[in-house]
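Q: sharing a model prediction with you, sequence too.
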Amino acid sequence: YPQPSAPRQFHLGMFEIGKPLGKGKFGRVYLAKERSSGFICALKVLHKNELQHNKVEKQVRREIEIQSNLAHPNILRLYGHFHDAKRIFLILEFAAKGELYKHLRREQRFPEWKAAQYIAQMAAALKYLHKKHVIHRDIKPENILVGIHGEIKISDFGWSVHAPNNRRQTMCGTLDYLPPEMLKGGSKENYYSEKVDLWSLGVLTYEFLVGEAPFEDTQIMTQRKIARGEYTVPAFVSPEAKDLIKRLLVLDPEKRIPLEDIQQHPWIVKHCVKGERAYMRDSGKMRS
Ligand SMILES: COCCOc1ccc2cc1OCC(=O)N(C)CCCNCc1c[nH]c3ncnc(c13)N2
């Protein structure tokens, strides 16, 4: 990974600002070039008063702290940050192919080989996160970007926390990706773990292959379907893909397929084994 050999202290004058890359809840993202090195990056600009008004400064501070310590090919790098009187600036890795959800909407749904490669990359990123006891908690297409080589990168760690965690957060946005254990009300015993990301990975797999989330319905019905683990899989989804979805969308967090086993799942192996073995398999020299 090219490490910008910049000094630890950054300031706005060091960057040439390019085209806008989009506008999020709390800020805009721009293409940028660090003048001395020519390093291309993305610059996210957050307005302090907006963060204060929405009471999200702590969440953003935690996000910066978490993302600054992560380095993985499928996680968007946060190289550094700085601020002036009114704004906070995040210096981020540039994902040249933009937002995954836009590709998904345009293509309606992904072919199984593409979905399987994305899910294998997500599983690798989650394995790295969970090893560092970070739970993402907000895995969905809107929080995934695509790099120049088509590889995916998890961004937006706004909801990530260090495990274990039994703090309940007020949720905004879609319920589609929430696991049953986060829906449950009740007191302290609704403790949840990294396994929440496995449920969301199941929802993501389904949405990549079908083009809509498995529990998509009115808010009330979605909550009920999630709590009961009720969903149907269209006939065009292969039995192997259906099997992986079934092993992720398990109500009991402890019974969800572990990340290590995802890399060996037949659906993933079928589409993601690289090089020699794929050649041998496809040339019929190897019993598949
Ligand atoms: C507190 O914030 C934490 C960091 O959040 C983000 C970091 C980087 C982001 C987007 C982030 O949040 C979501 C957001 O601002 N939008 C949805 C609007 C812009 C969409 N990006 C488009 C985009 C295209 N190529 C990119 N290469 C790198 N980063 C990008 C993009 N966006």
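A: In hand now; what should we look at?
Q: packing partners of the one helix or strand residue 120 maps to?
A: Secondary structure assignment for residue 120, by DSSP states H and E: helix 112-131. When contacts are defined as 3 or more Cβ pairs under 8 Å, 6 or more residues apart in numbering; DSSP states H and E, helix 112-131 sits against strand 152-154, helix 195-210, helix 239-248, helix 259-263, helix 266-272. C-beta coordinates here come from the backbone N, C-alpha and C atoms, glycine included.
Q: among the ones you listed, which is nearest the ligand?
A: The ligand lies closest to strand 152-154 among the helices and strands packed on helix 112-131, at 7.8 Å (Cβ to the nearest ligand atom).
Q: identify the residues contacting the closest one?
A: Contacts to strand 152-154, defined as Cβ atoms under 8 Å, 6 or more residues apart in numbering, come from residues 73-76, 93, 95, 100, 118, 121-122, 125, 136, 139, 143-147.
Q: out of those residues, which are buried?
A: Buried by 16 or more other Cβ atoms under 10 Å: 74-76, 93, 95, 100, 118, 121-122, 125, 136, 139, 143-147, out of the contacts of strand 152-154.
Q: which ones among those residues also lie next to the ligand?
A: For the ligand, the contacts drawn from the buried ones among the contacts of strand 152-154 by Cβ under 6 Å from any ligand atom are 76, 95, 145.
Q: list phi and psi for the closest residue to the ligand within the stretch 51-200 of the chain.
A: Distances between the stretch 51-200 of the chain and the ligand by Cβ to the nearest ligand atom are smallest at residue 95, namely 3.6 Å. Main-chain dihedrals, residue 95, degrees, to the nearest 10: phi -100, psi 100.
Q: residues contacting the closest residue to it other than its chain neighbours?
A: For residue 95, ignoring the flanking residues on the chain, the nearest one in space by Cβ to Cβ, 6 or more residues apart in numbering is residue 145 at 3.6 Å. Contact partners of residue 145, counting by Cβ under 8 Å, 6+ apart, are 76, 95, 97, 98, 99, 100, 152, 153, 155.
Q: and with 10 Å instead?
A: By Cβ atoms under 10 Å, 6 or more residues apart in numbering, the residues touching residue 145 are 21, 42, 76, 92-101, 151-156.
Q: for these, which ChimeraX command selects only the ones that are buried?
A: Restricted to buried positions by 16+ other Cβ under 10 Å, the ChimeraX selection for these reads:
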select :21,42,76,92,93,94,95,97,99,100,152,153,154,155,156
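Q: give me phi/psi at residue 19?
A: Residue 19 adopts backbone torsions of phi -70, psi 150, taken as degrees, to the nearest 10.
Q: what's opposite the residue in the stretch 1-150 of the chain that the ligand sits nearest to in the beta bridge?
A: Across the stretch 1-150 of the chain, the shortest distance to the ligand (Cβ to the nearest ligand atom) belongs to residue 24, at 2.4 Å. Beta-bridge partners for residue 24, by DSSP bridges, are residue 27.
Q: just to revisit the earlier point, show the pLDDT at the residue of the stretch 51-200 of the chain closest to the ligand.
A: pLDDT recorded at residue 95 is 98.
Q: before we move on, back to that, distance to the ligand and mean pLDDT added to the helices and strands packed on helix 112-131, as a markdown table?
A: Converted to a markdown table, the helices and strands packed on helix 112-131 look like this (distance: least, Cβ to the nearest ligand atom, whole Å; pLDDT from 0 to 100):
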| stretch | distance to the ligand | mean pLDDT |
| --- | --- | --- |
| strand 152-154 | 8 | 97 |
| helix 195-210 | 17 | 97 |
| helix 239-248 | 25 | 98 |
| helix 259-263 | 24 | 96 |
| helix 266-272 | 25 | 95 |
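Q: how about the ones you listed in JSON lines, adding distance to residue 232?
A: Formatted as JSON lines, the helices and strands packed on helix 112-131 follow (distance: least, Cβ to Cβ, whole Å):
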{"stretch": "strand 152-154", "distance to residue 232": "27"}
{"stretch": "helix 195-210", "distance to residue 232": "10"}
{"stretch": "helix 239-248", "distance to residue 232": "10"}
{"stretch": "helix 259-263", "distance to residue 232": "22"}
{"stretch": "helix 266-272", "distance to residue 232": "18"}
